[in-house]
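Show me how the following folds:
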Amino acid sequence: MKIHIKDIILGGQDGLVNVLGILLAMAGATQDVKLIIIAGLAATFAESLSMAGVGYTSSVAARDLYKRKWFEEKKETENNLDEAKKEIRQIYADKGFSGNLLDKIVDKISSNKKVLIETMMKEELNMSLEGFEHPIFNAFVIGLSAIIGSLVPLLPFFFLDNIIVGTIISVIISVIALFFTGVYKAKLTLGTWWKEGIELAIVGISAAVLGYIIGIFIGKIF
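Numbers count the residues shown, from 1 in each chain. Predicted structure coming up:
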């Protein structure tokens, strides 16, 4: 089973940003470090289970949709092989192939029913099963990543009694973690590393600031 980096980034980023926002909301509403830790841990595991559940259900849904479309394509191909060959020819002609080479490609793909259907799925419907073959494994990776990401902003509060200092350190290490996550994402997607890093860091800080403002507001009310 292949681990997909998108699952790691999805779980880690979501866990970190959500828990950071909650921690800063709590820091603005209370002066009790224990309450902040309790809220952070509760959010960590709730978030991780939620993300794992979403990862599982979305993978199952994508897999089931792929299978349904695959059987529909199989039926169409069996009922009208000539039309399927024409579609394959057009697909590869649009890619720049022509003449004898195009004939060989069409003949080669058409000679294997499974390859023909999978080619139609990918090229015509833009659908692939990659990343959705193992929903339980996907859920585990996303959930574990969410736990790890959630613990990043929470760590300072385990070692510091000063909420202000803990909050500042939490924000700093969270921003650093988000920035380097964005940098790594850029390397995988051929994006601009510093833009991706800054973008992800800004998203995290925006959520944190909003959480802090809400925390202060709630603290004043109660």
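
Touching, Gly40 and Leu23? I think so.
Yes. Counting by Cβ atoms under 8 Å, Leu23 is a contact partner of Gly40 at 5.2 Å. All C-beta spots, glycine's among them, are computed from the backbone N, C-alpha and C.

So which of the two has more stuff around it?
Neighbours per residue (other Cβ atoms under 10 Å) separate Gly40 from Leu23, with Leu23 holding more: 30 against 22.

The more buried one reaches Leu41, doesn't it?
No. Counting by Cβ under 8 Å, Leu23 stays clear of Leu41, with 10.5 Å between them.

shared neighbours of those two, which are they?
Leu154 (Cβ atoms under 8 Å, 6 or more residues apart in numbering).

Any idea how many residues pack against Leu125?
For Leu125, using other Cβ under 10 Å, the count is 13.

Disregarding flanking residues, what is the spatial nearest neighbour of it?
In space, and not counting its chain neighbours, Leu125 is closest to Lys69: 6.1 Å by Cβ to Cβ, 6 or more residues apart in numbering.

just Ser170 next, same as before
In space, Ser170 is closest to Pro153, 4.4 Å off (Cβ to Cβ, 6+ apart).

wait, that neighbour sits on Ala25?
No. Between Pro153 and Ala25 there is no contact, the gap being 11.8 Å when judged by Cβ under 8 Å.

more neighbours, the two?
Comparing Pro153 with Ala25 by other Cβ under 10 Å, the one with more neighbours is Pro153, at 32 against 23.

Quick one, grab the pLDDT at that one.
pLDDT recorded at Pro153 is 93.

so how far is Gly40 from it?
Using Cβ to Cβ, to the nearest Å, Pro153 is found at 8 Å from Gly40.
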